[in-house]
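Peer 1: Quick one, structure for this:
(one chain, ligands or ions: 2)
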Amino acid sequence: MGIDPNYRSLPAAKEEQGVKIYGTYEPPTKLGIWGTIVGVDFDLCIADGSCINACPVNVFQWLDTPGHPASEKKAFPINEQACIFCMACVNVCPVAAIDVKPP
Ligand code: F3S
Ligand code: F3S
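Peer 2: Ligands and ions are numbered 1, 2, ... in the order given. Predicted coordinates:
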C-alpha cells in the first residue's frame, strides 16, 4: 500500500524549513508525510533515490533520518514550490511513497 492520497486533510504536526509534516510525528520511528504540493511518506520511503534522479527541477534533497526502520535517509521535498507536475517522481518510486497535487 502506498501513500494515502487524502493525507492533506490530516492535521499538520510540524513544519520543517517551510515544509509541512502531516500525520503522526514521533521521531525517530514515525515521521509522517512531508510536503503539501509534493508529499513524501517518510514512513514508506526506503531511500531508493529514483525520485531525486528523475526530478527535472531538483525538488528533493536527502535528509538523514537515523533510527527510522525503513531507511536512514529520506527524499525531502524542500523545493516543492518548484514542481512542474511532470509526475516522474510518482512514477518511479518503487514503494509509491509520493503523491503530487497542484496547489
Ligand atoms: Fe519533480 Fe515530481 Fe514535481 S519529479 S517536477 S517533484 S512531479
Ligand atoms: Fe524514497 Fe521513493 Fe524517492 S523510496 S527516495 S520516495 S523513489
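
Peer 1: Around Thr29, how many other residues sit close by?
Peer 2: 12 (other Cβ atoms under 10 Å). Placement of C-beta: from N, CA and C, glycine included.

Peer 1: Likewise for Asn58?
Peer 2: 10.

Peer 1: Look up how far Gly49 lies from it.
Peer 2: Distance from Asn58 to Gly49, counting by Cβ to Cβ, to the nearest Å: 13 Å.

Peer 1: Same check on Gly39?
Peer 2: Gly39 sits 18 Å away from Gly49, taking Cβ to Cβ as the criterion.

Peer 1: And the pLDDT at Met1?
Peer 2: In this model, Met1 is scored at 84, pLDDT.

Peer 1: nope, Ala13 is what I was after
Peer 2: Looking at Ala13, its pLDDT reads 83.

Peer 1: Can you tell me, leaving aside adjacent residues, what's nearest to it?
Peer 2: Tyr25 (4.0 Å; Cβ to Cβ, 6 or more residues apart in numbering).

Peer 1: Identify the residues contacting that neighbour.
Peer 2: For Tyr25, the contact set (Cβ atoms under 8 Å, 6 or more residues apart in numbering) comprises Ala13, Lys14, Leu31, Gly32.
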